[in-house]
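J.: Curious how this folds, go ahead:
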Amino acid sequence: MRVEQDAEVTAEAEEPGTQPGDGLPSDDGPGPRATRRRQALVVVAVALVVGGALFLLRAAQLTGAPAADNRALTDTEATARVTGDVGNALTAVFSYRPGHTDATRASARELLAGKAARQYTELFGQVEKRAAEQKLTLTTHVVRVGVTRLTGGSARLLVFLDQVSQRQGGAPATAPAQLSVTAELDDGRWRIVGIASR
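T.: As a prediction, this is how the structure comes out:
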């Protein structure tokens, strides 16, 4: 009888799926599930810190001195003014009729300055000669003007033009053009100081 009781005790101890101490806290440290949870929390925390740092850096770039100085982003009235002055100037200096190029030359003297004025003067002599010989009329239409940078006294613009040329008795031909323009404020009026084709 005693032997049978001992055998039952031994069988209970060796029952599969049970270990001595099951259900009791272990001194060996946290289990694999707790370790994974902790690692996930660390990864999320690092991601939040990095994301926050990137956000602050981008905000500083947008509100830093170069961006804050660009009135094209904030001053619609000043942007419209430079857009109008430059668009009108380009229409005036790039439009002419044979026998009436003096008016175009006079407009250029008034509306261009610096490097743009020098380049224009050099090229316009050839234009006048060709216009007279070929009875050529050129009409420039400003399609779109975008101000990329505007400070108190200077502006950079991207301008899209359509230029319609027509020889006497011929059909008109339209050619698009794209210009990078630099302008400076002079006595309350924007004057073009740099022109580059794109």
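
J.: which ones are touching the most centrally placed residue in the chain?
T.: Central residue of the chain (CA atoms, centre = their mean): T148, 8.4 Å from the mean position. Counting by CB atoms under 8 Å, 6 or more residues apart in numbering, T148 touches A72, R156, L157, L158. (Each C-beta comes from the backbone N, C-alpha and C, glycine too.)

J.: And for the strand or helix carrying the third one, what's in contact with it?
T.: With the criterion set as DSSP states H and E, the secondary-structure element containing L157 is strand 154-167. Under the contact criterion CB under 8 Å, 6+ apart, strand 154-167 has outside partners 72, 82-83, 86-87, 90, 94, 134-150, 172-185, 190, 198.

J.: what about 6 Å?
T.: Strand 154-167 is contacted from outside by 82, 86, 134-149, 172-179, 181-184, using CB atoms under 6 Å, 6 or more residues apart in numbering.

J.: now those: which count as buried?
T.: 82, 86, 136-140, 142, 145, 147, 179, 181-183 (16 or more other CB atoms under 10 Å).

J.: what does the domain assignment say about the protein?
T.: 32-63, 73-197 (automatic domain parsing).

J.: Out of those domains, which gets the lowest mean score?
T.: Of all the domains of the chain, the minimum mean pLDDT falls on domain 32-63 (a mean of 71).

J.: rewinding a little: right, and the pair among the buried ones among the contacts of strand 154-167 with maximum separation?
T.: Farthest pair in these (CB to CB) is L136 and V147. Separation: 31.9 Å.

J.: rewinding a little: tell me the most buried of the domains of the chain?
T.: domain 73-197 (a mean of 16; mean count of other CB atoms under 10 Å).

J.: Would you mind measuring the gap between the ends of it?
T.: Domain 73-197 has an end-to-end distance of 24 Å (CA to CA, to the nearest Å).

J.: when you give positions from now on, start the count at 231
T.: Got it, the first residue is 231 from now on, which makes the last one we talked about domain 303-427.

J.: circling back: just checking, which of the buried ones among the contacts of strand 384-397 belong to helices?
T.: Within the buried ones among the contacts of strand 384-397, residues falling in helices by DSSP state H are V312, V316.
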